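K.L.:
sequence first, predicted model second:
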Amino acid sequence: MVLDRYIAKAVTSGCLMACFVMLSIFAFVDFVSQLNSVGIGDYGALQAAVFVLLRLPQRLYELSPSILLLGGILSLGAMAANSELIVMRASGVSTMRITRSVLQTGFIIAILVALLGEYVVPSATRTAKTYRAQAMENKLIVGGTNDIWARDGNRYVNVKQILPDQQLQNIYVYELDDNRQMSTMIYAEHAQYQNEEWVLNGIKRSDITDAGVTTSFEKQLRLKRLILLELFSVLELESKDMSAVELLTYSRYLQENKLDDGEYKLAFWIKVFTPLTCLAMLMIAMPIVFSTTPRSGGVGQRLMLALLIGIIYFVINRSINHLGLALNVAPVLSASIPLILVMVVSTYFMRRVK
């Protein structure tokens, strides 16, 4: 329908404008925060700028609910200022019909946000942290977007996945002799740093000599050196940077080993509810636009309300999340309460709009 396309175009433009403004502000803040690290190794201002750019997908994902709220208010506010909403309602288009058109666009954006958090953010974050670590520490060699290479003398280590709590998965260790010829290749399914040494499990070892290759299998191998802990701490992904699949997999791993998985379950459910929160925040923009007029403050009032709502939501969301972890509340409940509150508030005010 023509009305749906027109509103979709307006909402999309508003969200893009809000996205540009908010990302510009946070990119500048992130760049300034990186200046303290400039000068370490080969990490200069250019490398800091690249690092900030690679972290923008994660910033975009975090800010997506606020971006939709601000974008909705900017776009619909412009339509209200031009009396377009008044004309629509005077011609028989109800507020619920306009809201439905807005939420249709919001639904598409929410899907894009979900895809961003699941596929783009983890890969971009790994690339950013690897790039920064490589510039600061010359022993690190970038091998790809999802794995790293590290060198320690004649030993080269390839790690396919870095997990929290100083754990690694799918590790390849290549050792060279004094003639720079490969002498040993070791594959380990899993490794963890314990008692000042690396414990590797599920070992397949291949020793290469002039006589040929000898392969052996071991349950466990202990190495004093594998990856520098300094590099590990830099490259480790936080729970908020992991994909939903990674969070679910790691949470199950912790459960199987009778370890606390509350943080990762909470992060998983936050990933699930973030796209829905984007829709809810866009829905809040509707009563704000319909209930304010140029005489009551217009654009300025709407923007102040959006800023206030965004700050209140951020504080409540973080407080409930952390309180839920401290009180051992079910993660799905801690993650969903802020969304439920937003939905209740937006529904209440929508019903008051005449």
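P.N.:
Thanks, I have it. This one's a predicted model, so the numbers in the text were calculated from it and none came from an experiment. Numbering: from 1, shown residues only.
K.L.:
please make it C-alpha for all contacts and neighbour counts, starting now.
P.N.:
Fine.
K.L.:
tell me the helix or strand right after the lowest-mean-pLDDT helix or strand in the chain.
P.N.:
Lowest by mean pLDDT, DSSP states H and E among the helices and strands of the chain is strand 140-142, with a mean of 54. Using DSSP states H and E, the helix or strand that directly follows strand 140-142 along the chain is strand 148-152.
K.L.:
tell me which other helices or strands that next one touches.
P.N.:
The contact analysis (3 or more CA pairs under 8 Å, 6 or more residues apart in numbering; DSSP states H and E) places strand 148-152 against strand 140-142, strand 155-163.
K.L.:
export those to JSON lines and tack on distance to K265 and mean neighbour count?
P.N.:
Formatted as JSON lines, these follow (distance: least, CA to CA, whole Å; neighbours: other CA atoms under 10 Å):
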{"stretch": "strand 140-142", "distance to K265": "30", "mean neighbour count": "19"}
{"stretch": "strand 155-163", "distance to K265": "15", "mean neighbour count": "20"}
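K.L.:
quick one: which of those has the weakest pLDDT on average?
P.N.:
Sorting these by mean pLDDT places strand 140-142 lowest, at a mean of 54.
K.L.:
turn the helices and strands packed on strand 148-152 into a markdown table, columns for distance to G106.
P.N.:
As requested, these are exported to a markdown table (distance: least, CA to CA, whole Å):
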| stretch | distance to G106 |
| --- | --- |
| strand 140-142 | 38 |
| strand 155-163 | 34 |
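K.L.:
out of the ones you listed, flag the one nearest M79.
P.N.:
Distance to M79, taken as CA to CA, is lowest for strand 155-163 among the helices and strands packed on strand 148-152, at 48.1 Å.
K.L.:
and the closest one, what does it pack against?
P.N.:
On a contact count with 3+ CA pairs under 8 Å, 6+ apart, strand 155-163 meets strand 148-152, strand 167-176.
K.L.:
just how off-centre is the longest one within its chain?
P.N.:
Taking CA atoms, centre = their mean, to the nearest Å, one finds strand 167-176 lying 27 Å from the centre of the chain it belongs to.
K.L.:
give the buried residues for it.
P.N.:
For strand 167-176, burial by neighbour count (16 or more other CA atoms under 10 Å) applies to Q167, L168, Q169, N170, I171, Y172, V173, Y174, E175.
K.L.:
distance to F273 for these - can I get that in TSV?
P.N.:
Listed next are the buried residues of strand 167-176 as TSV, based on distance: CA to CA, whole Å:
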residue	distance to F273
Q167	28
L168	29
Q169	29
N170	31
I171	34
Y172	37
V173	40
Y174	43
E175	46
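K.L.:
need the max-distance pair from the residues you listed.
P.N.:
Across the buried residues of strand 167-176 (CA to CA), the longest gap, 21.3 Å, separates Q167 and E175.
K.L.:
so where is the stretch 201-350 of the chain shaky, pLDDT-wise?
P.N.:
Scanning the stretch 201-350 of the chain for pLDDT under 70 picks out 228-236, 292-300.
K.L.:
show me what the one helix or strand L69 maps to is packed up against.
P.N.:
Secondary structure assignment for L69, by DSSP H and E: helix 56-81. Contact partners of helix 56-81 among helices and strands, from 3+ CA pairs under 8 Å, 6+ apart: helix 2-34, helix 95-115, helix 121-136, helix 262-291, helix 298-326.
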